[in-house]
Every structure is written in structure tokens, then in C-alpha cells.
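below are the sequence and a predicted model; questions follow.
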There are 2 protein chains.
Amino acid sequence: MEFSSNLLEKAVNEMAQLPGIGKRTALRLVLHLLKQPQERTEFLTEALLKMRTEIKLCENCYNVSDKIVCAICENKNRDHQLICVVEDVRDVMAIENTGQYKGIYHVLGGKISPIDGIGPSQLKISSLVEKVNSGKVRELIFALSSTMEGDTTNFYIYKQIKNNELVTSTIARGIAVGDELEYADEVTLGRSIVQRVPFDHSFKNN
Amino acid sequence: MEFSSNLLEKAVNEMAQLPGIGKRTALRLVLHLLKQPQERTEFLTEALLKMRTEIKLCENCYNVSDKIVCAICENKNRDHQLICVVEDVRDVMAIENTGQYKGIYHVLGGKISPIDGIGPSQLKISSLVEKVNSGKVRELIFALSSTMEGDTTNFYIYKQIKNNELVTSTIARGIAVGDELEYADEVTLGRSIVQRVPFDHSFKNN
């Protein structure tokens, strides 16, 4: 791509470093900003920069937060003995959106993935193990994605737990609500048969 | 979507105003920035802001440029009597990439589209008509998209031309190089038959 302006080229190149944004898309986005009033770009850049410099990770669960402790960990009405282990902030948001969970979270910040150079030390695993081994936790729910990396991470954490009283669980895998059985993949369908639940459970909310 | 941080929410909302970027994609992009070193965000925001505030439109052809007159208009080796009328900067880049065009451009900045509230006065039409009617232009190539809006714009400009010597042309429409005839739409195939060219022309480069 040949640019008639270095300023434009630089902006496009920076934009194209975002995941899933190619050069063409970046150009489209940057030219859109060029057509809009200048404030639009000012608002966008200010919001991004402010977010990046001022946002904190909750010192308890590592969820993103404006304060030192996030709103979920601060909430006295939530069950602080029930911890749901998730990969990242988006998973917290997804679970919160269901309105079905009353415990707190622990955000690992990724999963163990040697191929991407991510080892246990780069994740928030040791603080979780400490929390659990201190005996203040009743149940740990593993809600990582069911990939090889997710399973490895689950197993790595599980092996370090020395709290015999602790209940561990994983979120249920199975056919999505509203899905047709015939289109489900074999592993999921197989698991949903093996791990079947008593009939009326599905109508109850915890 | 419920956010645990107002800073995050604001950044996502600003990002989601870009065309084709929904809230989920915006969240993914913003969280990516959060994982990267802070300089990444600084580079991005600086490049965007600098581009938006310092970039100029060439005073002759309205192409984006770092200087008052763009490199294409400044180039003495190009044919300044041959003007190609295009919608926006991306079209200039696309034609430049072919390496087949030696004239200069005129960037309208859009096309006449009453449904989007864009009239002739919002486009760089009057300056083009002035240029053409001054008699310094030999040929005008219309390279707008062949939609109703593009045709309207072509027609609007054409009607105002009072230079009897002027040659006008439009870029050739037809089956793309390498495409199969059977999959071409009827209008394109029909036009490519009616507007057929003598056999050896297609091998010549101007």
C-alpha cells in the first residue's frame, strides 16, 4: 500500500497492530476519523490513554477496576468463600451478565500455553493457591475454556491445592440451551450424556 | 454489557463508534491494549491525534497530504491535463497501486446521496467544474462506483461542464481479469459485451 501522507501511514500502521485489524480495515477506520470532527479523535484517544494509565487490577481478584478493590470483591452480600477461576475480564463480564453467580472471582490473566511462551509464573496462580490453602475458601469453580491449555491450567492449579476440605467443580459442559442434538459435536454430546443431571435440576436456579 | 470499570466502559464505548466495530470487538481491542505495554497505547493515540490534527488536504486535488500540495500534484512528470475524478483517498491509493495512471486526481470526498444527507455542496464539485471550465483540462476520467449515487454524481458534474473541447470517459466496467463468465452478474456481463474492445487493446499499456 502506498500512502500519500506519512502521518496517515503511521496512524494506519499503529491501528493495524490491534488484533484482527488488517491494513485495509485500519485505513478505513483512520479515514473515518479524518471525516469526523476533530473532537471524535480527541475523545477516543483520551479515553484509551486514560483507561491504559489509570485502570487498576483489583488487588484481590485481578479483575479490572477503577479502585484498588473491585466492586464485586467489595460487595458484602456476595459469598466470599466461593471463588470462580476465570481466564480474563471478559469471562467475568459474561458470568456477571447471567445474574446466576453470587460468589467472587479470580482472574488468572490467561492460561498456561508453552507455545505462546506463557508459563504459570506469568499468571495469577500463586496468589490463588495461597488464598485456597489459607482455608478461607469453601468451593473453587474452574471456568476455564475446555482446550488443552485450559485443562493444563486446571490441572496445574489442582495439583497445588493442599486444602482437604475444599470442594472443587467445573462449569457444566453440554448441549447449549436451544441447540439441536444432531448438530452437536461428539465430544460435547458424549459428555452431556455421561454427566447427565436429575431431571428437575434444570428448572431450578441455585 | 456490565463493566466493572468506568474507564474501561468509556474506552469501549468510544472504540465502538468506529464503523464496523461492535461492543464486543471494541472490548477485545481495548483489553488487548491493556495487556500490552503502556507505550503501545501511547504510540497509537499519539499517531491518531497527530494524524487528525496535522494532516492536510492537497489544495489542488483534495488528496490527503502532509504538505499544502500533494506529491502527485507536485510531480512535473505527470499529465496535469488529465484528471481522474474519484470518491475518496482509498480510490487514489488503489489506482496508484496499479502503476497504470500518469495523470492527476480530483477527490470529491464522497458522492451525492440525499438519503445520507450529502448534497453537491458538501463535495468538492464546484472547484472541479471551475478547473474544467478554465480550459486547462484535456480529459476527465470518471472513476466513481457504479451505483445510483455514483451515476447521479457523474451526471451532476457532466451537466455543468461548459468546455466543448473536453474529452470525458469512465473507467471500463466488465468481467474482472481471471473471473469465470458463468458466475458474473447479468448487468456486468451484458455491459462487457456491448462495450467490447478491439482484440489487441487489452494487451497494451497506455
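Yep, that arrived. Numbering: from 1, shown residues only, chains lettered A, B, ... in the order given.

work out which residue lies at the spatial centre of chain A.
A:Asp88 (2.3 Å; CA atoms, centre = their mean).

let me know whether that one touches A:His106 as I believe.
No - with contact defined as CB atoms under 8 Å, A:Asp88 does not count as touching A:His106 (11.5 Å). Any C-beta I mention is one placed from the backbone N, CA and C, and that applies to glycine too.

check what pLDDT the residue nearest to the centre of chain A gets.
On the pLDDT scale, A:Asp88 is placed at 89.

same thing with A:Asn205?
54.

related to what we said a few turns ago, the residue nearest to the centre of chain A: what's it in contact with?
Contact analysis of A:Asp88 by CB atoms under 8 Å, 6 or more residues apart in numbering or on different chains lists A:107-110, B:31.

of these, which belong to strands?
A:Val107 (DSSP state E).

remind me, longest helix of chain A?
Of all segments of type helix in chain A, defined using DSSP state H, the longest is helix A:38-54.

return the residues in contact with A:Asn64.
If you look again at residue A:64, you'll see it is Val, not Asn. A:55-58, A:70, A:89, B:4-5, B:8, B:34.

and the two most separated of these?
A:Cys70 and B:Leu34 (14.5 Å; CB to CB).

which one's more surrounded, these two?
More neighbours surround A:Cys70 than the other of A:Cys70 and B:Leu34, with 25 against 20 (other CB atoms under 10 Å in any protein chain shown).

let me see the ranges of the helices in chain A.
Using DSSP H, helices in chain A cover A:6-15, A:23-35, A:38-54, A:71-74, A:89-98, A:126-133, A:148-160, A:186-194.

now check the longest one, is it near chain B?
Yes - interface with chain B: helix A:38-54 contributes A:38, A:40-54 (CB under 8 Å from any CB of the partner chain).

how is chain A partitioned into domains?
A:6-53, A:79-171, A:174-206 (automatic domain parsing).

among these, which is the most enclosed?
domain A:6-53 (a mean of 18; mean count of other CB atoms under 10 Å in any protein chain shown).

contact partners for A:Asn163?
Taking CB under 8 Å, 6+ apart as the test, what A:Asn163 contacts is A:132-133, A:135, A:137.

go with 7 Å
A:132-133, A:135 (CB atoms under 7 Å, 6 or more residues apart in numbering or on different chains).

what is the nearest of the residues you listed to B:Lys124?
For the contacts of A:Asn163, the nearest to B:Lys124 is A:Val132 (66.2 Å; CB to CB).

if you drop the residues flanking it in sequence, what lies closest to A:Glu54?
Residue nearest to A:Glu54 in three dimensions, not counting chain neighbours: B:Leu7, with 5.7 Å by CB to CB, 6 or more residues apart in numbering or on different chains.

that neighbour is in contact with A:Arg52, isn't it?
No - look at B:Leu7 against A:Arg52 with CB atoms under 7 Å: they stay out of range, at 8.8 Å.

can you redo the contacts of A:Val64 as CSV with distance to A:Lys76?
Converted to CSV, the contacts of A:Val64 look like this (distance: CB to CB, whole Å):
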residue, distance to A:Lys76
A:Ile55, 24
A:Lys56, 21
A:Leu57, 21
A:Cys58, 16
A:Cys70, 14
A:Val89, 23
B:Ser4, 17
B:Ser5, 20
B:Leu8, 24
B:Leu34, 28
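
and the gap between the residue nearest to A:Cys61 when sequence neighbours are not counted and A:Ser127?
In space, and not counting its chain neighbours, A:Cys61 is closest to A:Tyr105: 4.8 Å by CB to CB, 6+ apart. A:Tyr105 sits 13 Å away from A:Ser127, taking CB to CB, to the nearest Å as the criterion.
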